[in-house]
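Test case, fold it:
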Amino acid sequence: AKGLPALSWQMLTDVPHGGYYFGKEGGILNAIVGSVYLAIGASVLALIISIPSTLFIHTYLFSYPKWQKSVRLWLDVLLGVPAIVYGAFGFNLMLLFGWQSSLLAAIVTVALLISPVMMRSMDESIQYVSTGLYESALSLGYFKGETGFRFLLKQSLPGVTTAFLLALGKGIGDTASVLFTAGYTDYIPESLGEPAATLPLAIFFQLSSPIPEVKARAYTAAAVLIMIILVISVGSRVISNQLSKNRIK
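Down below sits the predicted model:
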């Protein structure tokens, strides 16, 4: 209600100019683009981590149910860890590798945050695939890794897609994990080594301003963020349903 009246085409297509934080001209394009860069980069990195890890649980640990339960327990523990802890961990990684606050540091941190979400969602999806399919593939001479990628992953593709998009939505809306790692800038980052603004941080910084126009822009950034997450959530349902129908055909 507070954000939509201040929403304009300039807000969506312009970056902050001089005096922006005193109520003058500018927009939140830098935060929108930064959030998209961060969310997509982190989600792709988390996907690279999550697919082999989840398939490992269902292939190489197939004959060790106790180990499977242990891994799932630790994933559930990681799911419950507050985002600010991941932010602190990412900050220590920055110090360890000598990084500055940048898009790269934020991508790595958010990828660590959303990987357990993605792995657990994929794990639940693959559990619905018949174990007979896996055993039949092994009996035909397929390797365990090959079986995982060629059969289990293919059969659970709708769930994997949903997991990716849900993790994307979580990554684009998280604040605590990027507070110490992304930095902030009024410009659109042109490389991974530059700092990046995000919509959650734009809300955080602008909402603390005593100037009404700046506060209104914070609510506008919140409205835009909600719209983006809504589109991702609805899109995940639509894509998942379409993939399920195609698989049945």
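
other SSEs contacting the helix or strand of the chain with the lowest mean pLDDT?
Of all helical and strand segments in the chain, the minimum by mean pLDDT, DSSP states H and E falls on helix 131-139, at a mean of 75. Contact here means 3 or more C-beta pairs under 8 Å, 6 or more residues apart in numbering; DSSP states H and E; on that basis helix 131-139 packs against helix 144-147. The way it works is simple: take the backbone N, C-alpha and C, and place the C-beta from them, glycine included.

Contacts for the helix it packs on next, please.
L55, T59, Y60, F62, Y134, A137, L138 (C-beta atoms under 8 Å, 6 or more residues apart in numbering).

Mean confidence (pLDDT) on stretch 213-228, please.
If you average the pLDDT over stretch 213-228, you get 90.

my bad, stretch 165-181
85.

C-alpha coordinates for it, PDB please?
Only the C-alpha atoms of stretch 165-181 are listed here, as PDB (Å, rounded to 0.1, in the frame of the first residue of the first chain):
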ATOM      1  CA  LEU A 165      13.200 -21.900  -8.700                       C
ATOM      2  CA  LEU A 166      12.400 -22.000  -5.000                       C
ATOM      3  CA  ALA A 167      16.000 -21.600  -4.100                       C
ATOM      4  CA  LEU A 168      16.200 -18.700  -6.600                       C
ATOM      5  CA  GLY A 169      13.400 -17.000  -4.800                       C
ATOM      6  CA  LYS A 170      15.000 -17.500  -1.400                       C
ATOM      7  CA  GLY A 171      18.300 -16.200  -2.700                       C
ATOM      8  CA  ILE A 172      16.900 -13.000  -4.200                       C
ATOM      9  CA  GLY A 173      15.100 -12.100  -1.000                       C
ATOM     10  CA  ASP A 174      17.700 -12.800   1.600                       C
ATOM     11  CA  THR A 175      19.300  -9.900   3.500                       C
ATOM     12  CA  ALA A 176      21.400 -11.200   6.300                       C
ATOM     13  CA  SER A 177      23.700 -13.400   4.300                       C
ATOM     14  CA  VAL A 178      24.700 -10.500   1.900                       C
ATOM     15  CA  LEU A 179      24.900  -7.700   4.600                       C
ATOM     16  CA  PHE A 180      28.600  -8.300   5.200                       C
ATOM     17  CA  THR A 181      29.600  -9.700   1.800                       C
END
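
and it, which residues are buried?
165-181 (16 or more other C-beta atoms under 10 Å).

what's the answer for stretch 86-96, then?
Buried residues in stretch 86-96 (16+ other C-beta under 10 Å): Y86, G87, A88, F89, G90, F91, M94.

Please name every helix or strand in contact with the longest helix seen in the chain.
Determined from DSSP state H, the single longest helix within the chain is helix 212-248. Packing contacts for helix 212-248, counted by 3+ C-beta pairs under 8 Å, 6+ apart, involve helix 9-13, helix 29-58, helix 157-173, helix 199-207.
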